Each structure stands twice: as C-alpha cells, then as structure tokens.
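**Student:** Make a model of this:
(chains A, B, C and D)
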4 protein chains.
Amino acid sequence: MSSILREGDTVLVYIDSKRKFIIKLERGKILGTDRGYVSHDDLVGLTYGSMVKTSAGVPVFLFKPLRHDYIHGIARSTQIIYPKDAALMIHLSGIGCGSRVGEAGVGSGALSIAIASIICDSGRLYGYDVSEKALEITRINLEKAGLIHRVVLSRRDVRRELDVESLDAFFLDIPDPWNAINSVSRALAPSAPLLVYVPTVNQVEKTVLALRESGVFQDIHAYEVLLREYSVEKDAVRPRTRMIGHTGYVIFARRVL
Amino acid sequence: MSSILREGDTVLVYIDSKRKFIIKLERGKILGTDRGYVSHDDLVGLTYGSMVKTSAGVPVFLFKPLRHDYIHGIARSTQIIYPKDAALMIHLSGIGCGSRVGEAGVGSGALSIAIASIICDSGRLYGYDVSEKALEITRINLEKAGLIHRVVLSRRDVRRELDVESLDAFFLDIPDPWNAINSVSRALAPSAPLLVYVPTVNQVEKTVLALRESGVFQDIHAYEVLLREYSVEKDAVRPRTRMIGHTGYVIFARRVL
Amino acid sequence: MSSILREGDTVLVYIDSKRKFIIKLERGKILGTDRGYVSHDDLVGLTYGSMVKTSAGVPVFLFKPLRHDYIHGIARSTQIIYPKDAALMIHLSGIGCGSRVGEAGVGSGALSIAIASIICDSGRLYGYDVSEKALEITRINLEKAGLIHRVVLSRRDVRRELDVESLDAFFLDIPDPWNAINSVSRALAPSAPLLVYVPTVNQVEKTVLALRESGVFQDIHAYEVLLREYSVEKDAVRPRTRMIGHTGYVIFARRVL
Amino acid sequence: MSSILREGDTVLVYIDSKRKFIIKLERGKILGTDRGYVSHDDLVGLTYGSMVKTSAGVPVFLFKPLRHDYIHGIARSTQIIYPKDAALMIHLSGIGCGSRVGEAGVGSGALSIAIASIICDSGRLYGYDVSEKALEITRINLEKAGLIHRVVLSRRDVRRELDVESLDAFFLDIPDPWNAINSVSRALAPSAPLLVYVPTVNQVEKTVLALRESGVFQDIHAYEVLLREYSVEKDAVRPRTRMIGHTGYVIFARRVL
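**Tutor:** Alright, predicted model coming up:
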C-alpha cells in the first residue's frame, strides 16, 4: 500500500505552513531547521504520511510532494507565477497527458514544473528564455522535481521564429507578449489556446488589442484571480488580515486559421 | 498537422462568449442558434481552427473542445463547481496521469470531467453520489466528453465505509463533509490530499475543525477564489461591471498516519 | 420624541431592499406598488418607524430618509457614483459643516446630495456640468432632498477658468480630469483635497501622472473599493452570489503651493 | 485667503505616505524624523500647503489635517476601525450637523473622531466603553483633534440600560453586539439606523439573526469592504502587491416601532 521510503526518494518535510522542505533522502545527511534538525537516516524505512520529531521534539510530517509544493520551494528571488494563477492557466489550457506545450520565459521554472508534471512522459514541454541563468535555474528545479526528461530548454527570443509547430498550448510570460504573437501563433496548432501572464494593466491592454488585430486569435479573455485564505477558529472565522493584493493578469485566446 | 474533421468528431462551435456549442458531427444534422443555423455536413472535411458562417452570415469558429468547455456546456440548473474553483482544487490535488481519485457528490459531473481528463486511461475516478439522477447526468456528461471509460460511478453514501483504498486524492462536495472525514480518510493513501468544496462559511468552520480534531489530517487550509474578468478596449480598460461575487470555499488537507 | 408625520414631510416607504420609495406626503395621493398601494392620507398622523400595510396586506415601514436613500432613488439611467465610492470620497475629503466645495460634473446629483447633506446651511456646493439636462436633473433631485438652497449649479466647462476660489475640497467626475487640473487647483485652497472618480484604469494613469507633473499636488493615491453584501441565514452565511464587480476608481490628492 | 500658521495651530507634517505627523505648533519645539528634523518655529508664519525642508534637506509639506489623518495618527496598538469601514458606516448612518449619536466601545477613538468631526458643535456624541483606559485614550485623541467638547464619554456597559434616548444613530463595536440590541434599540429614535462593526463571520451571523428576532429592526444588511490601492507609473499600472485582506464586517439596520 504505502511504500517504504528509501534513499533517493523525494520527501516534503512539513513542520507548518512556513516550514516546508523538499529533500532527497541521502544517508548521513541532516536537515537543519529553526525547530531542530532531522536526520535523513531516521526517515528511511518510514512511509509517506508518517510523523517524526525534530531534535527539539517538534512534530514533523513526511509528505509525498505535490505539484504546488515544488513551486513553494522555488526561491522567491524571482517573480514567479503564483499557484492561484498557474492553476487557472493550466486549467484553461486543457493540457494533459501527451500534450506538446511551449513556454516562454521560463523564469525559475515554477510554471514549467506544473506543466511538465501533467503532460506525462509522452508529452513535451519546449521551454524558452533569453537568459542563460533563468534556463539554468529552471533546469535545476525541474531536475529536483524529477521532470527534466519531459522538457527541452532552449535559449531563444520567442519574438523571432520558433523551431516547433502544432503545439497544443503556449504559455507566455515575457514583458512584451504582443511582440511574440506572430511567432507563437505559427507554433500553435489551429484551435490551440494561448495563455499569457502579465503584471500590469497596460500590458493587458496591449496584448489583448494585438491579439484582436492579429486576426488569428478568437475567444479572447483577460482575468484576474484573487485568493483569500481564511483563519478558522471555533466561533471565529474570518479572512486572514493580510493578503497578496496583486500578482498578475491571465489572458486566454484560441488560435484560428 | 491539423487533422480533417470527420463524422463522430467533437467540435466546439464558437460564435461568441455566450454562444458556444459542443456538438458531435453527424451527417444530416443541423445546429440551430439565434444567429442562424449551421449544417454538420458543411463542417465535415474542415479542420479545427476554421471559420464558417451561419445561414445568417455570422462568423463561427470551430474549436477542439478544452476541458473547461465541457463544464461551460453543463446545464446551470444544478449548482456546479466553477472553473476558477475546479482549477485551484485540481492544481492543489497534484493529480495527473495514472492517479486513482475519489469524488463525492458528483452532482452533474462538471468536476468529474476536469478530473477524468487529466488522469489518463491509466487512471481511475471513483465517483459517488446518493442521487441516482445525479449519477445519470454525470454519466451522460462524461460520455459526451469521451471520458466515461476512466470513471466508475456508484450510488453510495460516502459518510459510510467506502469500497476503495490508497487513493491519490479525494474531492468532497457534499453538504456535511465533516461526517465523511472518517470514511474518506481510510480511502486515502497516507500523505494524499483531500479537497473539499462548500458554499457557506459555517461549513468551512465545521469541516476545518473536524479535520483538526480527526488527528489524521495536517496542513489544513481554507481558501476563497475571486475571479474578475476585464473589459479591454483601447484607452478604456476596466473590470467587468458585474461579477460572480461568490461560489464556494475550497479546503485543502493532507492525510497523515 | 418621535414627531408626528404631516403633509409635506418626506418619507421613505420601505417594503424590502428592492422596494423603497421616497415620497412627500400629500393629501389624496396614492403610492402604487406591485405589492399593493398605500394612501398618503393613512400615513399622516403616524411617526417615523411605524408599520402599516398595503392594500394587499404587505407590511410597509415608514423611515426618515437617510443620505444614501436619495441616491438609491435616483434613476439608474445615468452612471452614478455608488454609495461605496461616495462614502470613501466624502470621508477622505474631510468636508463638514460650513465647507465650501466644488463638484464637476454633477451628473444626476447623486454625489451632490451626499455632499450637500453634510455641509450644513452655512456651507456651499458649487456644482458644474456642461450638460443643461444634467444640471436640471440634479436640481430636481436636490429639491426632492430639500438641499437645493445649499447648492449653486452652473453650466460651465471646469477645464476652463473657474469663478470660485479657496474651496475646501473639489470632486471631479469628468471624462478627462487631467485637463481640469490647472483650473481646479486654482479654485482650491492650499492644502485642500481633490477627489477624482474615473471608471477606467487608463484614466487613473493619465490623472495620476498629470497630478504629479503639475507640481501643485502631493499625497496622491488611487483606490478601488469592492463591496460585498452577505446573505445571512442560520448556519448558512455566505457572500451574495452576484455582486457589482466594478464601478470606478477614486483618486485623492492635496493641493500644495 | 490662506491664513497664516500661528502657535497652537494643528498641522499635518507630510513627508511621504508613511511619514505623516500631526503636531500642534509650539515655540521652541522640534519634530524629529528619520528624514531629519523640523523646527516648529520655522513653520509659524507660513501657510497650509507650504513646502519646507527638513534638516536633511528632505521636502516636507504642511497640510491642514483632515478627518482621516487623525485616524492614521492613532496608535495601531489597538484594533481600530479602518477608514474604508468608517467611511461606509458614517455614510450609511446619514449623520450630519446637530446629530445626537451613540458609540460603544470607543476603543482608541478612531471612529469617535470621524463622527465628532461631522456632527458640528450643535451635535453630541455619547461615547461608551467598559475600559477606563480606552476612554482615556479616546479623550486624548479627541482633544488632539479639537473635538472633545462635542463628546460625552462614560464608562458603561451598553448591554445594560442606557442613559440617553431618541438618538439619531448608534455605532456598535463590541465583541457581542447581539447582547446590546435591546438597550441600544431603546436609545435610538424610531427609524434611526444602527451600525455594527464585527471582525468575524460568526459575529455577523449572531448579530443579524438577533436583529431579525428582536422585531424592532428592519432593512438589515451585512457588508464587507475591500480597498485596493494602485501603484501608478507610466505604462505600468497595477494594484499594490500587498493589501489588507480583512478588517471587519459592517452591519446596517433601522429601528422600527
């Protein structure tokens, strides 16, 4: 049923919402936290779902990492696409097992992981970025998530001609998506969806108008997702006091002939 | 590249955001709309992404239906889980190709379609409902979407013992989810996530408190998703005047031993 | 204590949230509604807070109209400033008894009523519009609210020189507020606030940038107010399903020398 | 026109949105900030709207404090009613010059200042609290704002009989408002509005149900106000990244006989 954890297995070590660590089990290694340390050796032989305690006696749960856990783990140094936005984009894209997908720019790979995790080994993600560093970080993050074999990463400016065609979907997260509409449209299969992510309203306007004028996109929509988390205590339920007020806007469109 | 449409193929006939019809091509059949009619015969031989005109000269685009198009097509007579919520739930669930998933109640199958579409033929969705009618509607909708072979539908009260175990995720959309925590927890693999959808704050409170007290769930969160669509015209960008102010709340938790 | 209602008194006849009527008591007159009629004669001699029944037996409450009731009564044919936005604008403006205030364009007088109601007889509202019809509607609405004596209405393009100075606040609701910054700044007392209301993000951008560049405004802020109403039933509290997703943006700035 | 600043005058010393100080001009006094200091002596003789520089050369603007500036100045140690909520409550209350208003509990006086500032010298605010310390802080804040003469502060549990009647409005900000409905209803004039502020959904439910059951309130509504501030730069307009996700709920109701 629940398989035994072995060396090389990936584990989400969960203390609380702010203390979540994805580790690869390795004999002799130690995970240090401000709530005490955990020895990898002690985890080998247990199962996912188990509880252990840190050296300081704090309970720790061992989880099988989910898609969104990897995103949480990615350094917040770069501006990543948040789970709330990634969730909508992927849902609207309709991609699944075997899908051939384009993505630019990959940034630090947060969205790449989410995409790669649902296209199966039979699918392929073509990830582009103009920054060698971004590609390298994405490669490392995809490797950690065990998904790199489904992805082809290339340094390329997607506003120029692309080297793929008949893609099932394209995800665009670059500063001037309106300049990539021509090249991206030629890479997309007819009827396939384009998903764009931009942080400002001005970019929404330019992108939507350019999509309309292109004549090769229809069913164009621009969305904003607001996510509120709730604080739940007996007889005292209320939204959290602080929330992320804004990340970016999601634009959807379908390729036509 | 883009394959030729043949009889039996499923097509999203798109006129505008309010006029979208999913049809199965059938010789001799007519699709009637308030913008004129379209003959199925005229679509056979074209490709996805093509444009034709209705009898009234209105342009119509032929799209390959995406996951969320099926949901849009489901009668709004029942309270369905909206795409914005389905997107977050599925994303947080981490399910993918080969996942074995539970769902109760299936309602009219809106969420079932979204789940079934990403678990591949190697996955399995166990859908439960206490209403024979709900199961029948779900069956019809899954058939339309070509996904019924991935789903086992059963009439069953999930608050009692379930007939499955080691599931990779469970989606719960019943009025009193707190009464199903015991049975559902036994059906879940250790570490696997539970996703609950409830329309009122009172249900959020009861569910979250029951999950905490159960001792077999950790990493419990309650969310609300607000989706705003934007109206984009040159020099005049603004959110739409009317929006859906509320659908329901999404609760996430992970099974522990 | 509660004074007796007499002919000429203004009454809010309240049946439910959608059936609210402001009337001036007049012998022999009848108020007809789809829940039955009410004779003015039957209300004379009662007090505010009383309950009567319509000819159809439906309970009706007699209230003393509040500031925001007049706004609700104004025909929704024109785009009015909603109570949620009027409330914030007036609060930020700091106006009170004796304030001398400018407003352009007055539209149908919804905001004018709110302003006039709190500046007392010692205050003065200078209301401008380029449309004679808008001024006429505003005049009628101010008369109904018994506030016309505090207001001077003029047909004038406020983008040109104004005939007032040292105002305590100015409210601007015109399509191109950036073109009125010069004239309005000269009408404002040093330190006095300007409140601008615009429906699109593009207007927010142009206005804020123009205010910054003008050199005569500081402490510039742009806000958006979202109002959710809740449906409250025992054990079933939730936001209303439908809400107003957008009305407009509120900009605040203070005049400097 | 713009009067000369003299000793004893109250000034809002504005550096930026986070550095705003309300001072009373006093010969020989110094205002120290992390952007340099300002000598009160240098401000006497200037006018509101003037710009001076701190000892560090940073520009400072002198404003006449507005209603909401005092609230901003109140220590955030206690949970205060935010301007967005105060604005709606006061707007819905319809109070103005001469209004006789009740408020409990006064907390630190943030709402008291807003109320007192618009009821004029002819109005009266009856402020209650069970905490002597809260009353003392409120008294100090009202004195700073020059409004104490309009307010009668009393230590009293408003869930018991009150010593006033025929009030034009009552503002209730206590943990269990449902227990104060009887006493408060007797203090209100018929038709007068009650405004309640509570932080949790559970309190909304209890209050609204109690108001309905009381039989002496009608036109009952529960609201939530969300305020987003925008970041405006040329070609880059977007909501601020962080926002206050929740403060509290506002309940409105009218007294009937």
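
**Student:** Show the end-to-end separation of stretch A:172-184, please.
**Tutor:** Start and end residues of stretch A:172-184 are separated by 9 Å (Cα to Cα, to the nearest Å).

**Student:** Let me see the mean pLDDT of that stretch.
**Tutor:** For stretch A:172-184, mean pLDDT rounds to 98.

**Student:** Then stretch A:15-22?
**Tutor:** 92.

**Student:** What residues of it count as buried?
**Tutor:** Neighbour counts over stretch A:15-22 (16 or more other Cβ atoms under 10 Å in any protein chain shown) mark A:15, A:20, A:21, A:22 as buried. Just so you know, the C-beta spots here come from the backbone N, C-alpha and C atoms, and that holds for glycine as well.

**Student:** For the third one, which non-adjacent residue is spatially closest?
**Tutor:** Counting by Cβ to Cβ, 6 or more residues apart in numbering or on different chains, the nearest residue to residue A:21 once its immediate chain neighbours are dropped is residue A:13, at 4.5 Å.

**Student:** Need phi/psi at the one you found.
**Tutor:** phi -90, psi 110 (degrees, to the nearest 10).

**Student:** Kindly provide the distance from it to chain C.
**Tutor:** Separation of residue A:13 from chain C (Cβ to the nearest Cβ, to the nearest Å): 36 Å.

**Student:** Let me know the helix or strand that residue A:227 is in.
**Tutor:** Here residue A:227 sits within strand A:217-233, counting by DSSP states H and E.

**Student:** In that strand, which residues are buried?
**Tutor:** A:217-220, A:222-230, A:232.

**Student:** Out of the residues you listed, flag the one nearest to chain C.
**Tutor:** residue A:226 (9.1 Å; Cβ to the nearest Cβ).

**Student:** if we can go back for a sec, could you list every residue that touches the residue nearest to residue A:21?
**Tutor:** A:20, A:21, A:22, A:23, A:31, A:38, A:60, A:61, A:62 (Cβ atoms under 8 Å, 6 or more residues apart in numbering or on different chains).

**Student:** just checking, which of those belong to strands?
**Tutor:** Using DSSP state E, A:20, A:21, A:22, A:23, A:31, A:38, A:60, A:61, A:62 are the members of those that sit in strands.

**Student:** quick one: terminal-to-terminal distance for stretch A:43-54?
**Tutor:** Using Cα to Cα, the two ends of stretch A:43-54 sit 11 Å apart.

**Student:** Can you pull the domain assignment for chain A?
**Tutor:** Domain assignment for chain A by automatic domain parsing gives A:10-65, A:69-255.

**Student:** Comparing those domains, which comes out most buried?
**Tutor:** domain A:69-255 (a mean of 20; mean count of other Cβ atoms under 10 Å in any protein chain shown).

**Student:** so how far does that one reach from one end to the other?
**Tutor:** 32 Å.

**Student:** what does stretch A:96-107 give?
**Tutor:** With Cα to Cα applied, stretch A:96-107 spans 22 Å between its terminal residues.

**Student:** Does chain B have contacts with it?
**Tutor:** Yes - using Cβ under 8 Å from any Cβ of the partner chain, stretch A:96-107 comes into contact with chain B via A:96, A:97.

**Student:** chain center to that stretch, what's the gap?
**Tutor:** A distance of 11 Å separates the centroid of the chain from that of stretch A:96-107, by Cα atoms, centre = their mean, to the nearest Å.

**Student:** Go ahead and measure how far the helix or strand bottoming out on mean pLDDT in chain A is from the middle of the chain.
**Tutor:** In chain A, the helix or strand scored least confidently by mean pLDDT, DSSP states H and E is helix A:67-73, which has a mean of 81. Taking the mean of its C-alpha atoms, helix A:67-73 sits 7 Å from the chain's own mean (Cα atoms, centre = their mean).

**Student:** Also stretch A:211-230?
**Tutor:** 18 Å.

**Student:** Check the average confidence over that stretch, would you?
**Tutor:** 96.

**Student:** and residue A:197, bridged to which residues?
**Tutor:** residue A:250 (DSSP bridges).

**Student:** distance of it from residue A:250?
**Tutor:** Distance, residue A:197 to residue A:250, by Cβ to Cβ, to the nearest Å: 6 Å.

**Student:** what does residue A:235 give?
**Tutor:** Applying Cβ to Cβ to residue A:235 and residue A:250 gives a distance of 37 Å.

**Student:** check which helix or strand covers residue A:15.
**Tutor:** strand A:10-16.

**Student:** Restrict that strand to CA atoms and write it as CSV.
**Tutor:** The C-alpha trace of strand A:10-16 is given here as CSV (Å, rounded to 0.1, in the frame of the first residue of the first chain):
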residue,chain,number,x,y,z
THR,A,10,11.9,12.8,-2.5
VAL,A,11,10.1,13.9,0.7
LEU,A,12,8.2,17.1,1.7
VAL,A,13,9.2,17.6,5.3
TYR,A,14,6.4,19.6,6.8
ILE,A,15,6.5,21.4,10.2
ASP,A,16,4.0,24.1,9.5
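
**Student:** so what strands line up beside it?
**Tutor:** strand A:19-24 (antiparallel), strand A:59-63 (antiparallel).

**Student:** so which of the ones you listed comes closest to residue B:154?
**Tutor:** Nearest to residue B:154, of all the strands paired with strand A:10-16, is strand A:59-63, at 28.7 Å by Cβ to Cβ.

**Student:** Contact partners for the nearest residue to residue A:39 once chain neighbours are set aside?
**Tutor:** Of all residues not flanking residue A:39 in the chain, residue A:30 sits nearest, at 5.6 Å (Cβ to Cβ, 6+ apart). For residue A:30, the contacting residues are A:37, A:38, A:39, A:40, by Cβ under 8 Å, 6+ apart.
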